[in-house]
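Undergrad: Quick one: sequence plus predicted model below, questions after.
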Amino acid sequence: MNPLFTNALPDPASARATGRGILAHAPRRGLLIGLAASLAVHVVFSFWPHDERDVPEAVPLQATITELPPPPKPTAVAKTTPRPKPQRTTALPAPVAVPETPVADTPEAAPVEPTANALAMAAEPLAEEVPAAPSAAAPEPPPKALPRRVDLVYKAFLGTHGFLIGEAIYRFEHEGNEYRITTVGEAKGLAALFLRGQGKLESRGHITASGLQPLEFSVERGSRERRETAIFDWEAGIVTLHEDKTEALDLPTFDPLALMWQAYFSPPVDDQQTMSIATTRRVSRYTIVREGEENITWPQGEIATERWHRRSEDGKTDAYIWLAPAMRYVPIKLRVTATNRGTLEALLDSIRVDETLAQQ
């Protein structure tokens, strides 16, 4: 495995359900509605108080881009071909020498001098054609590629009137057929007075022809000692959750972070999408429906989106997600209703990459 993504799998930590005000309801209520809650609710429950010295420093990405290039194609795995068996060779008999027949020497004819009339009537020699030099074609620019690091920066709001409560940065890193998605949420505005610290989520896995295939999803609430994981074993068809609980893997199954980028790698075709979402505590099956088109205003202007919707089984919670086809189906806006904190919204604020890549 590439060193960029190497990370020893720790034993699941024994976390206790403290701080029930946000944490106890967010995974059950928020993550029930799939992709929307994976972002909007995370912005709230990831503000888990802890010692900030435990948060690793990340190199910030400052340059902002307004479009995403095509997704990287999975690298074909080289297949080993067995060597062919050596074939038996039979020695051929030596060729029989055939005596050569001597050829009589023929005297050469005397050269004939051309007459004056023959020289006068001879055709003029054709001018030698010089091939034209091929025109130098302008070199085609190299195709745009997804940078190795991309940050999706979202602002989180309480209610629908722009009451800012935080910011979440979703960083996508990839190399070869491997990916890693990490996110750190931080409270902003008045919410910082009662929500302190940061929380971290991480997803690691493979990039396949059909999208992302997670191998590990982890939730870190304060420190590595308070870390929960979900380990995906696709060969065995099971996922191991917190406290060694196991459940079957149905296709397709994503974790909340992989689901955020799945539409980028595999755009939705049908108006109804059904998938499973695995967190560190449970695996649930969801169906979301495409309701129509809607223009959304974000910091870069107005953009056309597709609005997708899911209602919880008890009919109390609605989740909406607005995907932008022009941005290769990146989530522009999300809304979750009837959480324990009310209605939550998240709006894409910027897409950041390395400065050198933004200038290309």
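TA: Structure's in. What do you need? Residues are numbered from 1 along each chain as shown.
Undergrad: residue ranges for the strands of the stretch 151-300 of the chain, please.
TA: With DSSP state E, counting those that start in this stretch as the criterion, the stretch 151-300 of the chain has strands at 163-175, 178-187, 198-208, 211-220, 227-233, 238-240, 246-248, 253-254, 272-278, 283-298.
Undergrad: Select, out of these, the one closest to Lys144.
TA: strand 163-175 (14.8 Å; CB to CB). For the C-beta atoms, the positions are set from N, CA and C on the backbone; glycine is no exception.
Undergrad: Now do the buried residues in the closest one.
TA: Buried residues in strand 163-175, counted by 16 or more other CB atoms under 10 Å: 165-174.
Undergrad: quick one: which of the strands of the stretch 151-300 of the chain is nearest Arg335?
TA: Comparison of the strands of the stretch 151-300 of the chain against Arg335 by CB to CB identifies strand 283-298 as nearest, at 11.0 Å.
Undergrad: Need the residues that contact the closest one.
TA: By CB atoms under 8 Å, 6 or more residues apart in numbering, the residues outside strand 283-298 that reach it are 31-35, 239, 241, 247-250, 253, 268, 271-277, 302-310, 319, 321-322, 324, 332-333, 347-349.
Undergrad: returning to what we had before: format the buried residues of strand 163-175 as a markdown table; extra columns: distance to Ala209.
TA: Compiled in a markdown table, the buried residues of strand 163-175 are given as follows (distance: CB to CB, whole Å):
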| residue | distance to Ala209 |
| --- | --- |
| Ile165 | 39 |
| Gly166 | 36 |
| Glu167 | 34 |
| Ala168 | 29 |
| Ile169 | 29 |
| Tyr170 | 23 |
| Arg171 | 24 |
| Phe172 | 18 |
| Glu173 | 20 |
| His174 | 15 |
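Undergrad: coming back round to it: buried only: go through the contacts of strand 283-298 for me.
TA: Applying 16+ other CB under 10 Å to the contacts of strand 283-298 flags 31-35, 239, 241, 247, 249, 253, 268, 273, 275-277, 303, 305-310, 319, 321-322, 324, 332-333, 347-349 as buried.
Undergrad: so where is this protein shaky, pLDDT-wise?
TA: For the chain, the stretches with pLDDT under 70 are 1-62, 76-143, 184-199, 222-223, 355-360.
Undergrad: quick one, helices of it?
TA: For the chain, helices defined by DSSP state H occupy the ranges 35-45, 116-121, 256-265, 355-358.
Undergrad: Any idea how many residues pack against the nearest residue to Ala304 once chain neighbours are set aside?
TA: Leaving aside its chain neighbours, Ala304 sits nearest to Asn295 (5.7 Å; criterion: CB to CB, 6 or more residues apart in numbering). Asn295 is flanked by 9 other residues according to other CB atoms under 10 Å.
Undergrad: Look up how far Glu302 lies from Asn295.
TA: Per CB to CB, to the nearest Å, Asn295 is found 5 Å from Glu302.
Undergrad: Then Glu178?
TA: Counting by CB to CB, the gap from Glu178 to Glu302 is 36 Å.
Undergrad: now Gly237
TA: Gly237 is 45 Å from Glu302, by CB to CB.
Undergrad: Once you drop chain neighbours, what's closest to Arg282?
TA: Per CB to CB, 6+ apart, closest to Arg282 is Leu241, 7.0 Å.
Undergrad: That neighbour: what's it in contact with?
TA: Counting by CB under 8 Å, 6+ apart, Leu241 makes contact with 230, 247, 278-283.
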